[in-house]
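>>> Sequence and computational prediction follow.
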Amino acid sequence: MGRIADWLDDRTGYRALTREALEEPVPGGARLRYVFGSVLTYLFMQQVVLGILLATYYSPSASDAWASTAYIQDQVTGGWFLRGLHHHGSSMMVIVLILHLLQVFVAGAYKRPREVNWWTGLAMGGLVLAFALTGYLLPWDQKGYWATQVATGIMGSVPGGEPMQSLVQGGSEYGNLTLTRFYALHVFVLPLALAGLLGLHLYLFRRHGVTPPAKMNAEELARKTQPFWPNQLFLDVLAMFVTGAALVTLTFATHGAELFAPADPASNFVARPEWYFLFLFQLLKYFDGPLTLVATVLLPGAVTLFFVLLPFVDRSESRAVKKRGPVMVAMGLVMAGVVALTVIAMAHDANDPKFQEGLAQAEEDAERARELAKKGVPPRGGTAVWENDPAFHAKSLFKENCATCHTLDGRGGKEAPVLTDFSSREWLIGAVRRPLDEDYFGGTKDHSTMEPYGEEGLPDAQLDAIVEYLVSLRGDTKVDAALVAKGKTLWEDEFDCNGCHEVEAGVDGDGAPVFGGRGTTAWVERVIRDSSQKDLYGDAAEMPKFEGKLSDEDIRALAELIVPPASAPEK
Amino acid sequence: MSVPPESDERPLASTTAEGPAHPEDVPSEERRKFLKVGVGVLGAGCACAVAVPAVGYLAFPLGHDVTSKLDAYLPAGEAEAFGDTPTKVDLYADRVDAWNRVRQVKVGSAWVAKRDGKWLALSTVCPHLGCAIDWDGEAKLYTCPCHTSAFEPSGAHQQGPAPRGMDELEVKEAEGLVQIRYQRFRQGLSGKETV
Ligand code: FES
C-alpha cells in the first residue's frame, strides 16, 4: 500500500498538494462563518451526483418527461428520495448562497484585492438561479410548465426580448425543443460554467485567503492564525453534515419533491414560482402596462448593478461594519424589500380561498394522474395518462361509437335520445311529455308512435306517480310506495299504457320497450349489444348492434358511463 | 507546526507567516485524532445519504420487470398465408416499456412455415449473439448475417458458432389465425432458457 502511494506521489506529487491544501493558513483562526463556501461546494457536488442519477431514468421530451419523472417518483426504488434531495437541494443552495453573500458582504470581502472574487461569486449566484429556473421545467408537470411560462413570458415582454424568448424556448411555443434546450442548459452548460467559475473562485480565494475580522490588528491575526486542518476543516465538514442532515429530514418530511399532474396547455393552473422567486412574482403585481419593465428589468437590474459595482461604490478604507454605514443600509433595504415581498406573496396566497381551492384541486389531480401512471403512460405524452382512467376511456369510446347519434353532457348528435341523466325521473317525465322532441325520439327514424301527453290530459301529480312506478319497475328500492301504487293504477287503468308497453321483464314488447328492469346499467348494456331483442326495441330498433364490435369490458364501461351502477339512474 | 509564507502575493498570509505563537493554539494529538475521525464520519455520512439509496435506485431494473414479459400467443396471420416456404411475420403486442404503455407495437418476428402438415415457427433471433436470421431460398437454409451460422429448415444447427438450433416458438391455430407464443431466449447457451 505504502509503496503504491510512494509511486503515485512520485509521479503526481499529490502529497505536497494535499499538505498545501490542509495547511492553508487561516489568519485569525478558524471560524464558523467561513463555512458557507464549503457547504455550497458540497451542495453543488451533491447536486451533480444526484443529477446524474436522475438522468439515468429521465427522458427530456415533451411526451416522456412527465411520465419518466413519475416513474422515478413512484416506481423506481428510492427514486422519490433522490429526486427529493435534488429538488430541496436547490432550495438549500439558495439559502446557503444568501448566507454566504451576507457573510462576505458584512466582512467587506468584496473590497480590494478581492473584487474579482466577488464578481465570480455573483456570477455563480446567477448560475444557481438559472439552474433552479431550468430545472423547474424538466418534470413537465403543471407547476413547472406554468411557472416557467411566466418566466419566459417576462423575457418576451421586454423590448427586443421576443427573439430571445424564441431562442431560449426553441420556438414560439413550448414543446420538445423547449425541454431539450432547458435540459442541455441544466445538465451541460450550467454545470460546466459553474465548475469553471468555481475553480476560478477557489483559486482567487487561495490567492487572497480568507477575509479575517476587521477589528483584529496584524499582530493579533498572526498570533491567532491556524492552519485549515484540523479546526477549519472540521467546522466545514460539520456544517456540510448539518446541511445534509437537514436536507434528508426535509426530504423525508415532504416525501420528496412534489410532482403535479402532467403539463396541460388547455388547463388553468395556479402558477407560482419557487419560493425564492416569489418576491419577483409579487413585484410584478405592482406594475403594469409599460411600467412592467420596472419590475422585470429596472429594479432587478438596479440591484444587480449595485452588487456588481459594490467594490467601487464602497470606497471606505476600513472593512469594519461601522465604517460602512451607507452600503449597510442599502443592503438592509434590499434584503428587507425581498423579505417583505416574499411574505406578502405568501400571505396573499394563504388567505386567498380561490388559490387554496385551485391548489387543492391540483393536488387531487396530481394524485390521480400519478396513480394512473403506474399502469404506464400512453406514448402520446403526459396528459395521455388520463386515458388510463376508466371513465375517460368510456368517454372516448362514447365519442367514437355513440356520439354521432346520441348526446351526452352537451356533446353529440341528435339522431337518437339524449343520454344525459338517462332514465332519471326528469328524463322519464320529459319522455312522456315530449317523446317526439329532438331530445327524445324526434330525431330517431320511425320512432313516432308514442303520442305526447300534455298537462291537460296528464297533470303533473299523476305523471309523477307514473314515473315513480316506472322507477320501481327497474328494481329501484328507493321509491315512494304510495306513489308507486297510485302510478300503477294510472298506468294500467287510466292511461292504458300497457296497451303498448309491457311491464314484465323479458316478455316480447312488440317494438315498444318493456319496462320491467328497464333503465338499469345491465339494461343499457343489453341495448348496446343488440337493441333489437324482443323486450327492447324489437323490429323497430334503429341502433347498430355493438355485440362483437366492442369488447365486453368496453360495453360494460359504456353502460356504466350512461347509467352509473351504484347510484342507479337518479340525481 | 508552522506555515511558511508562500509568496508575497498573499499579504494576509505573509503577516501571519510565523504561525501560531502560542503553543496552546496547536491542537493536541488527541484532539487532532478526534477531529480526524469526526471529519471522516461526518463526511461519510454525507456521502452515504446519496450513495446508499443510489445502489437500490440503479439496481432497480434487476429486480423488476421494466419491460412487460412476453408470453402470450400473438396473431401472426391467416392460416392460408403460410405454406412450405418460410414466411417472416412481425408480431405485435401491447407492451409496457418502463414508463410507457404502448398498444400494438412490434415486439419481434418469427419465420413461419408448414412442415409435415404442422406449423413450425422459429424465432428470428440468432441463438449466438442475437442477430436477425434470414431465409436463404436458394440454399434452402436459414442463415445468420453476422457470424455465418446456418440452420436447417427444421431449425436445427447446421454450421457456424451458434450454440444451438433456432429457437422454436409454440404455435396454435385459433379463429382461423395462426397464433405464435413469442418468447425470448438467452443467447450463447446450448439449451433453451427463457429470459
Ligand atoms: S449472431 Fe448469428 S452467428 Fe453470431
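Perfect, thanks for sending it.
>>> wait, isn't residue A:517 in contact with residue A:523?
Yes - at 5.7 Å, residue A:517 counts as touching residue A:523 under the criterion of C-beta atoms under 8 Å. Every residue, glycine included, has its C-beta placed from N, CA and C.
>>> shared neighbours of those two, which are they?
residue A:474 (C-beta atoms under 8 Å, 6 or more residues apart in numbering or on different chains).
>>> Compare neighbour counts for those two and give me the winner.
Set side by side, residue A:517 and residue A:523 show more neighbours around residue A:523, with 23 against 17, by other C-beta atoms under 10 Å in any protein chain shown.
>>> What residues sit buried inside the helix or strand containing that one?
Residue A:523 belongs to helix A:521-529 when assigned by DSSP states H and E. Residues of helix A:521-529 classed as buried: A:521, A:523-529 (neighbour count, 16 or more other C-beta atoms under 10 Å in any protein chain shown).
>>> likewise stretch A:169-183?
Quick answer for stretch A:169-183 (16+ other C-beta under 10 Å): A:169-170, A:174, A:178-179, A:181-183.
>>> which pair in the residues you listed spans the largest distance?
Spanning the widest gap among those are A:174 and A:183, at 13.3 Å by C-beta to C-beta.
>>> Which strands and helices lie in contact with the host helix or strand of residue A:332?
If you go by DSSP H and E, residue A:332 is part of helix A:325-350. On a contact count with 3 or more C-beta pairs under 8 Å, 6 or more residues apart in numbering or on different chains; DSSP states H and E, helix A:325-350 meets helix A:278-285, helix A:299-313, helix A:353-373.
>>> roughly how far is it from the heart of the chain?
Computed by C-alpha atoms, centre = their mean, to the nearest Å, the chain-centroid distance of helix A:325-350 equals 28 Å.
>>> Relative to chain A, which residue of chain B is the closest?
residue B:101 (2.6 Å; C-beta to the nearest C-beta).
>>> could you point out which element follows whichever helix in chain A runs longest?
Longest helix in chain A, counting residues (DSSP state H): helix A:79-106. Reading on from helix A:79-106 to the C-terminus, the next helix or strand found by DSSP H and E is helix A:115-137.
>>> Check the burial of the nearest residue to residue A:428 once chain neighbours are set aside by counting its neighbours.
For residue A:428, ignoring the flanking residues on the chain, the nearest one in space by C-beta to C-beta, 6 or more residues apart in numbering or on different chains is residue A:467 at 4.7 Å. Residue A:467 has 22 neighbouring residues, counting by other C-beta under 10 Å.
>>> Residue A:467 contacts residue A:427, correct?
No - with contact defined as C-beta under 8 Å, residue A:467 does not count as touching residue A:427 (9.3 Å).
>>> pLDDT at residue B:22, what is it?
Among the per-residue scores, residue B:22 holds a pLDDT of 48.
>>> OK, contacts around the residue nearest to residue A:447 when sequence neighbours are not counted?
If the residues on either side of it in the chain are set aside, residue A:447 comes closest to residue A:441, at 3.9 Å by C-beta to C-beta, 6+ apart. Contacts for residue A:441 (C-beta under 8 Å, 6+ apart) come out as A:417, A:435, A:447-448, A:450.
>>> Likewise for residue B:103?
Per C-beta under 8 Å, 6+ apart, neighbours of residue B:103: A:378, B:94.
>>> Figure out how far the helix or strand hosting it is from the centre of its chain.
With elements taken from DSSP H and E, the one containing residue B:103 is strand B:100-115. Put simply, strand B:100-115 sits 20 Å off its chain's centre (C-alpha atoms, centre = their mean).
>>> so how far is residue A:519 from the residue found closest to residue A:517 once you drop the neighbours it is linked to in the chain?
Excluding its sequence neighbours, the residue lying closest to residue A:517 (C-beta to C-beta, 6+ apart) is residue A:505, at 4.3 Å. From residue A:505 over to residue A:519 the distance is 12 Å, taken as C-beta to C-beta, to the nearest Å.
>>> So which of these two has more stuff around it?
Comparing residue A:505 with residue A:519 by other C-beta under 10 Å, the one with more neighbours is residue A:519, at 25 against 15.
>>> Please list all residues in contact with the more buried one.
Contacts of residue A:519 by C-beta under 8 Å, 6+ apart are A:422-423, A:470-471, A:474, A:563, A:569.
>>> repeat that for 10 Å
A:422-424, A:427-428, A:470-471, A:473-476, A:513, A:562-563, A:568-570 (C-beta atoms under 10 Å, 6 or more residues apart in numbering or on different chains).
>>> Does residue A:73 touch residue A:367 like I think?
No - using C-beta atoms under 10 Å as the test, residue A:73 is too far from residue A:367 to be in contact (11.8 Å).
>>> Show me whatever sits in contact with both of those two.
residue A:259.
>>> Which one of those two is surrounded by more residues?
Using other C-beta under 10 Å, the more surrounded residue of residue A:73 and residue A:367 is residue A:73, with 23 against 13.
>>> Assign the more buried one to helix, strand or coil.
helix (DSSP: H, G, I helix; E, B strand; the rest coil).
>>> Ramachandran angles for the residue lying closest to the residue of chain B closest to chain A once chain neighbours are set aside?
In space, and not counting its chain neighbours, residue B:101 is closest to residue A:376: 2.6 Å by C-beta to C-beta, 6+ apart. Here is the backbone geometry of residue A:376 (degrees, to the nearest 10): phi 100, psi 140.
>>> can you pull out the helices in chain B?
Counting by DSSP H, the helices of chain B are B:11-15, B:29-58, B:60-63.
>>> The shortest one close to chain A?
Yes - part of helix B:60-63 sits near chain A under the criterion C-beta under 10 Å from any C-beta of the partner chain, namely B:60-61, B:63.
>>> Hmm, residue A:310 and residue A:115 touching each other?
Yes - counting by C-beta under 10 Å, residue A:115 does reach residue A:310; the two are 8.9 Å apart.
>>> Please list all residues in contact with residue 61.
All of this is about chain A. Taking C-beta under 10 Å, 6+ apart as the contact definition, residue A:61 lies against A:67-68, A:140, A:175-177, A:179-180, A:183, A:381.
>>> right idea, wrong chain: chain B
So residue B:61 contacts A:56-57, A:76-77, B:67, B:98 (C-beta under 10 Å, 6+ apart).
>>> Could I get the contacting residues of the one residue in the stretch 451-571 of chain A that gets nearest to the ligand?
Residue nearest to the ligand within the stretch 451-571 of chain A: residue A:551 (40.2 Å; C-beta to the nearest ligand atom). Residue A:551 makes contact with A:397, A:557, according to C-beta under 10 Å, 6+ apart.
>>> What distance do you get for it to residue A:67?
Distance from residue A:551 to residue A:67, by C-beta to C-beta: 26 Å.
>>> same thing with residue A:449?
53 Å.
>>> the more surrounded of these two?
residue A:67 (25 against 12).
>>> Now the helix or strand containing the more buried one: buried residues?
For residue A:67, the host element (DSSP H and E) is helix A:65-74. Neighbour-count burial for helix A:65-74, counted by 16+ other C-beta under 10 Å, picks out A:65-74.
>>> And the residues you listed, which two are furthest apart?
A:65 and A:74 (14.9 Å).
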